[in-house]
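Quick one: sequence plus predicted model below, questions after.
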Amino acid sequence: MVRTNMTAVRSKPVTTTLVTLEVLRSERISPSFARVSLGGRDIEHFVPMGYDQWFRLFIPITDPESLGWVPSKLDTLSYLKYLTHAKTERPVLRNYTVRAYRPDGPLGPELDIDFVLHGSAADGTAGPAASWAETCSPGDVVAILDEGIAFRAEPEPGRVLLVGDETALPAIAGILASLPGTTTGRALIEIPAEGDQQVLEGPDGVEVTWVVRDDVHHTPGRAVLAAAQALPSPAAGTYAWVAGEQTLPVALRRHLVRGGAGKDDVTFSGYWKASRRH
């Protein structure tokens, strides 16, 4: 079971409703990432909250009309009802983070999603969401359900430690862009390739370190875990946010607490779990 305390600490949106959007454009932004920009349709109903705002993404795999099966609120009952539709017909459901939101795009507000690309859509080795990111076209329709933010934004942290593998890169980018300019600290981000580095906006006092995996076959998160554990114990009052393959946040939270950090000062989430072959 993937472990997290983000559900307990998150700030929920004031209202949650299904937002239907269209693909505006898509592009390969680096060796391991594709970016899809969404807008149109119900975009005016999306309320940006900044930080690590995340949402449920529903991608039709057959008929766009299947989005009509998606509930306007995801609870146990509505999710079970959603599952009654055949897996080969119902929309794919995945969790993603807002990489960026622009209220003044050429055709109105725009929302960017960055997808980590594992495998290839062409030879069928990529997952359904990554395959869609590589093959979608302008006008394709998806739906999202906003889930709010997990980063503890109140009270504003004076010093932070942000750690994640490539799946957490969009969230760390959003956090950095939302932090007050006076914030200090460190951000450590593991990426599969040197070319996956991105230009990130954030406080000058937060140092960003890119940790490049030296072997594509190594489990994501192990390299940045070692880099974070090698740092001196965080100063008192540091707020830590850690996410990625589940071994990373679980192990680093344990390390930080043993080093003196308060349990409430570490927000952590296992975004995914590596298969045993790793």
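Thanks, I have it.

drop to CA atoms for contacts and neighbour counts, all remaining ones
Fine.

in the chain, what spans have low per-residue confidence?
1-3, 7-8, 119-122, 124-126, 276-278 (pLDDT under 70).

can you rerun that using 80?
1-10, 15, 118-126, 216, 275-278 (pLDDT under 80).

all strands for it, in order.
For the chain, the strands defined by DSSP state E occupy 19-30, 33-39, 54-59, 92-97, 100-105, 108-116, 141-148, 159-164, 184-191, 206-212, 239-245, 266-272.

Out of these, which is closest to residue 255?
If you check each of the strands of the chain against residue 255 by C-alpha to C-alpha, strand 266-272 wins as the nearest, at 10.8 Å.

Who is the residue nearest the centre of the chain paired with across the strands?
Closest residue to the average C-alpha location of the chain: residue 97 at 3.6 Å, with C-alpha atoms, centre = their mean. On the basis of DSSP bridges, residue 97 is bridged to residue 54.

Dump the strands of the chain to CSV, plus distance to residue 251.
Output for the strands of the chain, formatted as CSV (distance: least, C-alpha to C-alpha, whole Å):
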stretch, distance to residue 251
strand 19-30, 29
strand 33-39, 26
strand 54-59, 23
strand 92-97, 23
strand 100-105, 29
strand 108-116, 23
strand 141-148, 25
strand 159-164, 12
strand 184-191, 15
strand 206-212, 17
strand 239-245, 10
strand 266-272, 10
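
can you tell me which of those strands comes nearest to residue 83?
strand 92-97 (10.6 Å).

Just give me the neighbour total for residue 87.
Residue 87 has 11 neighbours, counted by other C-alpha atoms under 10 Å.

Could you tell me how far it is located from residue 62?
11 Å (C-alpha to C-alpha, to the nearest Å).

And residue 170, by the same measure?
Applying C-alpha to C-alpha to residue 170 and residue 62 gives a distance of 28 Å.
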